[in-house]
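Pasting a predicted model and its sequence here:
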Amino acid sequence: MEHHETLGMIVKKSRQNKKLRQIEVSKSASISRNYLSDIENDRYTPSLKTFIRLASVLELDLNLLIKMTEIQVNKREEDSKCTIS
């Protein structure tokens, strides 16, 4: 199985590469530090509005973030089908 970086991993790696703290990014993106932490740890998938803010703050390609989210959503759907069956 091919390994894909998750949305959270990309956000976290980008933040760390820019030597930014969660509090700095969260304030710039108008979200709570806890919510950013949840995004970085793949507990939540942010709204499109939050995507756009994070992409802007971290200078990330919005298309890449959307692609990562599609992969995560598809995986979660597959996982939930397996647990329901």
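Yep, that arrived. Numbering: from 1, shown residues only.

name the element the closest residue to residue 58 other than its chain neighbours belongs to?
Of all residues not flanking residue 58 in the chain, residue 14 sits nearest, at 4.4 Å (C-beta to C-beta, 6 or more residues apart in numbering). No exception for glycine: its C-beta is placed from N, CA and C like everyone else's. Using DSSP states H and E, residue 14 maps to helix 7-17.

Is residue 40 in contact with residue 10, as I believe?
No: Residue 40 lies out of contact with residue 10 (C-beta atoms under 8 Å); the separation is 9.3 Å.

what helices or strands is the helix holding residue 14 leaning on?
helix 33-40, helix 48-58, helix 62-84 (3 or more C-beta pairs under 8 Å, 6 or more residues apart in numbering; DSSP states H and E).

Off-centre distance for that helix?
Distance of helix 7-17 from the chain centroid (C-alpha atoms, centre = their mean, to the nearest Å) equals 8 Å.

who's in contact with stretch 38-48?
Outside stretch 38-48, the residues that touch it by C-beta atoms under 8 Å, 6 or more residues apart in numbering are 6-9, 11-12, 15, 22, 31, 35, 50, 54, 69, 72-73.

rerun that using 6 Å as the cut-off
With contacts defined as C-beta atoms under 6 Å, 6 or more residues apart in numbering, stretch 38-48 is touched by 6, 8, 11-12, 69.

now do stretch 57-67
14, 25, 28-29, 51, 55.

Looking at these, which gets the smallest pLDDT?
Among the contacts of stretch 57-67, residue 51 has the lowest pLDDT, at 87.

All set, thanks.
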